[in-house]
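K.L.:
structure of the sequence below:
(one chain, ligands or ions: 1)
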Amino acid sequence: MSAPTVLTRAAVYLRDGGCVVCGTVRHLTFQHRARVGAGGDTRRPIPEEGLTACAIHNERFESDLQQAALAFGWKIRDWAEGQAFLVPVFHMPTRTWFRLSASERIVTTPTVAQDLMIDVYGDDWLEWKAEADRIFPPIEGRRYSWAR
Ligand SMILES: [Zn+2]
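P.N.:
Prediction:
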């Protein structure tokens, strides 16, 4: 997949309002949710396939935050490519789950988000979620608390 168009990048920045992890509006990057293939695929991403992340978090999605990025929909597994709208995104600054469209974020409950994730990824998602909870501990009584 190649770089987004200027319009897609602008729409994604406007939709997200800052880094999806830390909320900063500085050093923002267009985060490809799906892995960018090495050559061949020249298709440009649609807004649902992108997220706003700061340079630091974008890089960490490829290192120590890999599993958390999958658990929170910041990254999408290769085989789920094309299912960008089905994979919800967790917005850490507001501790809210969203589904993404081209121009807006649609608030989703943690229960619906969990069901969507398990539909797409099965039990793998529960493992990623356990790792994500270790890195980003849930806050009791907030939306982040999971329905069991
Ligand atoms: Zn960040």
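K.L.:
can you pull the residues of this protein lying near the ion?
P.N.:
Cys19, Val21, Cys22, Cys54, His57 (Cβ under 5 Å from the ion). C-beta here means a position set from N, CA and C on the backbone, and glycine is covered the same way.
K.L.:
phi, psi for Ala113 please.
P.N.:
phi -60, psi -40 (degrees, to the nearest 10).
K.L.:
settle this for me: Ala71 is touching Ala132, isn't it.
P.N.:
Yes - at 3.8 Å, Ala71 counts as touching Ala132 under the criterion of Cβ atoms under 8 Å.
K.L.:
compare these two (neighbour count), which wins?
P.N.:
Ala71 (25 against 21; other Cβ atoms under 10 Å).
K.L.:
how close does the closest residue in space to Gln66 that isn't next to it in sequence get to Arg134?
P.N.:
Nearest in space to Gln66, with sequence neighbours left out and distances taken as Cβ to Cβ, 6 or more residues apart in numbering, is Lys75 at 7.3 Å. Lys75 is 17 Å from Arg134, where distance means Cβ to Cβ, to the nearest Å.
K.L.:
the more surrounded of these two?
P.N.:
Lys75 (24 against 10).
K.L.:
show me the contacts for that one.
P.N.:
Contact analysis of Lys75 by Cβ atoms under 8 Å, 6 or more residues apart in numbering lists Arg33, Ala34, Arg35, Phe61, Gln66, Ala69.
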